[in-house]
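# heads up, no residue letters with this:
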């Protein structure tokens, strides 16, 4: 009897993995799978393998299995009804609703309105917005879907902001670049950066300081010290934010020109477990928790919708994306998406070469150090470091672990080292 039960479990696991492969990596299930505790356990085991889940104790594993079971029944109940969107299992399927809400602190839209005061109305364009647009098809969206990870779940504002700058850079005729969200997480001077933060803070920082690439400043998912930046930085000429209320005309006109960063309520079970289709709710009134990048809009069977990129990885939603109903008649739009969109105006892969290296010198009170030596006497990159912190022999600024961007000055490449 025990061997027969083991065989049933083995077959169930094989079926579960087969369903996951057939659905692009999504683990799927049928109503029949919920009729047996053994089959639920097999699904849970397959899900753990898919997501690399390991638990410290058997009690913890049993607890997570019960949470997972509850999610299965919630998803099945939703999908058995006539909704415009479907739910599914994802990396959050062993997390309770209370745990997810704790990781995504809510910010009241009205509080943001008090902080920011009046905001810009998007100017009417002399050219009518197209009926649909998808900036992914126009080469203005980096293909890779990022995952902010579990350590800093509220850091979605960094990827929404970098995506907006990446899009503007490509639209302005430059090469599409994968830009650094970690630089924003480390260097933006705001508190509570792992909770909900408005992407406009990041865009304001980029306007003042520039933004390097993901390759040169890779993502770690935790807040670190702001690192020295390279001399060649992507720059933007300005930042705009708009307020659309229940009328999405301003947001539509903005997205017709470029990808736009927005903040939405991402705490409902339906949003967390979203798999596919056009999301119509529910959501909390006047609440924002999660930043998205709106990359386009379209209409399906008479229903207009936004196309938005999340930063919860490929396993969430439609390969990392969600479609959200437009013109829902809500005070701030579905998911409060219309409340506070923001975007950069103009972007260029410019550089800010400061006076350091070769025959040039640093400003008064600063010392020129090579921070990226090459073979021989060449130096790939210099930095003007405050003299009181400099230690060129051991690498620049080793005597001070943290310093502001304003204290640092960077240089161009391929100049002769002066030490």
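Received the coordinates, thanks. Worth saying up front: this structure is predicted, and the values here are computed from it rather than measured.

# Do a quick rundown of the helices in this structure.
2-22, 37-51, 58-79, 97-103, 109-116, 156-171, 181-187, 199-209, 249-255, 269-272 (DSSP state H).

# now, of those helices, which is deepest in the fold?
Among those, ranked by average contacts under mean count of other C-beta atoms under 10 Å, first place goes to helix 156-171 (a mean of 28). Where you see a C-beta, it was placed from the backbone N, CA and C, and this is true even at glycine.

# Averaged pLDDT, stretch 68-84. What do you get?
Mean pLDDT, stretch 68-84: 97.

# any idea how far it is from the chain center?
27 Å (C-alpha atoms, centre = their mean, to the nearest Å).

# hang on, residue 55 packs against residue 65?
No. Taking C-beta atoms under 8 Å as the definition, residue 55 is not a contact partner of residue 65, at 9.3 Å.

# can you pull the pLDDT of residue 163?
Note for residue 163: predicted pLDDT of 98.

# Surely it and residue 259 touch.
Yes. Counting by C-beta under 8 Å, residue 163 does reach residue 259; the two are 5.9 Å apart.

# Show me the common contact partners of these two, please.
Common neighbours of residue 163 and residue 259, using C-beta atoms under 8 Å, 6 or more residues apart in numbering, are 141, 293, 295.

# residue contacts, the second one?
Neighbour list for residue 293: 141, 159, 160, 163, 164, 167, 259, 260, 261, 262, 308, 309 [criterion: C-beta under 8 Å, 6+ apart].

# roughly how far is the top strand by length along the chain from the heart of the chain?
Longest strand in the chain, counting residues (DSSP state E): strand 290-300. Between the centre of strand 290-300 and the centre of its chain there are 14 Å (C-alpha atoms, centre = their mean).

# repeat for stretch 210-226
For stretch 210-226, the distance to the chain centre is 13 Å (C-alpha atoms, centre = their mean).

# Equivalent analysis for stretch 53-61, please.
That offset, for stretch 53-61, works out to 29 Å (C-alpha atoms, centre = their mean).

# what do you get for stretch 92-108?
Put simply, stretch 92-108 sits 17 Å off its chain's centre (C-alpha atoms, centre = their mean).

# Touching that stretch from outside, list them.
Residues outside stretch 92-108 that contact it (C-beta under 8 Å, 6+ apart): 47, 53, 64-65, 67-68, 71, 150, 153-154, 192, 195-196, 263, 265-267, 269, 272-273, 284, 286-290, 316.

# now the end-to-end length of it.
Taking C-alpha to C-alpha, to the nearest Å, the first and last residues of stretch 92-108 lie 24 Å apart.

# surely residue 153 meets residue 222?
No. Proximity of residue 153 to residue 222 does not meet the contact threshold set by C-beta under 8 Å, at 11.6 Å.

# contacting residues for residue 26?
By C-beta under 8 Å, 6+ apart, the contact list for residue 26 reads 20, 88, 89, 90, 275, 315.

# quick one, phi/psi of the third one?
Same thing as residue 89. The phi and psi torsions at residue 89 (degrees, to the nearest 10) take the values phi -70, psi 150.

# Tell me how far it lies from residue 137.
Counting by C-beta to C-beta, to the nearest Å, the gap between residue 89 and residue 137 amounts to 29 Å.

# and if you look at the second one?
Applying C-beta to C-beta, one obtains 25 Å for the distance of residue 88 from residue 137.
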